[in-house]
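> Predicted model, plus sequence, below.
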Amino acid sequence: MHRTGHYGAALICYAPLATVLIAVGAVEMAFAGGASSLVARCFQISTSVCPAFPIAARHTPSVALAVGAVLGAVGALIGGSGLSAVGAVAGTFLVAAHLLADALTPMRIRPFAPVRDTKYTLNVVQASSTFGNYLLLVAGIIVATGALYTDCLVAGMI
């Protein structure tokens, strides 16, 4: 998927975490995590930036965990253990969202790497499909809005 579709996937994957954060009263943290996951989508690692780290190696769950660890460490430096936990989970979800979006295209992902090199794809839509990318973005907006609405209902704000 292109950037637009990846934004939608990020919203879909982050919505459950945001729901939990809002439910426990960490509203600012929920919105900061959501904003940072969308902003982080702007900084995709490209082959030109990091040629020693091939694109196929970046599409694995181990990279998701590594990004989560890095963002968790940054969160710990900035704001302590609470922000560290949110950073770790949001970072992991961010890369998981990327994997989810790419699994929808003919590009195959390796979810069990480095243990198994088997590649998988759902092959639902071409990555270059404008309709597919905007559909995923709209789905992400709907899921995120639904999560926020649910939190407002639970909190008695609606």
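Perfect, thanks for sending it.
> Lowest mean pLDDT among the helices and strands of this structure, which one is it?
helix 27-40 (a mean of 73; mean pLDDT, DSSP states H and E).
> ok, then the element right after it?
helix 61-79 (DSSP states H and E).
> so which helix or strand takes in the closest residue to Ala69 other than its chain neighbours?
Leaving aside its sequence neighbours, Ala69 sits nearest to Ala88 (Cβ to Cβ, 6 or more residues apart in numbering; 6.6 Å). (Each C-beta comes from the backbone N, C-alpha and C, glycine too.) In the assignment (DSSP H and E), Ala88 maps to helix 81-103.
> Restrict that helix to CA atoms and write it as CSV.
This file holds the C-alpha atoms of helix 81-103, laid out as CSV (Å, rounded to 0.1, in the frame of the first residue of the first chain):
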residue,chain,number,x,y,z
SER,A,81,7.5,4.0,32.6
GLY,A,82,3.9,4.9,31.5
LEU,A,83,5.1,6.6,28.4
SER,A,84,7.7,3.8,27.9
ALA,A,85,4.9,1.2,27.8
VAL,A,86,2.8,3.2,25.4
GLY,A,87,5.8,3.8,23.2
ALA,A,88,6.7,0.2,23.1
VAL,A,89,3.2,-1.0,22.2
ALA,A,90,2.5,1.9,19.8
GLY,A,91,5.8,1.2,18.0
THR,A,92,5.1,-2.5,17.7
PHE,A,93,1.5,-1.7,16.5
LEU,A,94,3.0,0.8,13.9
VAL,A,95,5.1,-1.9,12.2
ALA,A,96,2.3,-4.5,12.6
ALA,A,97,0.0,-2.0,10.7
HIS,A,98,2.6,-1.7,8.0
LEU,A,99,2.7,-5.5,7.7
LEU,A,100,-1.1,-5.7,7.7
ALA,A,101,-1.3,-3.1,4.9
ASP,A,102,1.4,-4.9,2.8
ALA,A,103,-0.2,-8.3,3.3
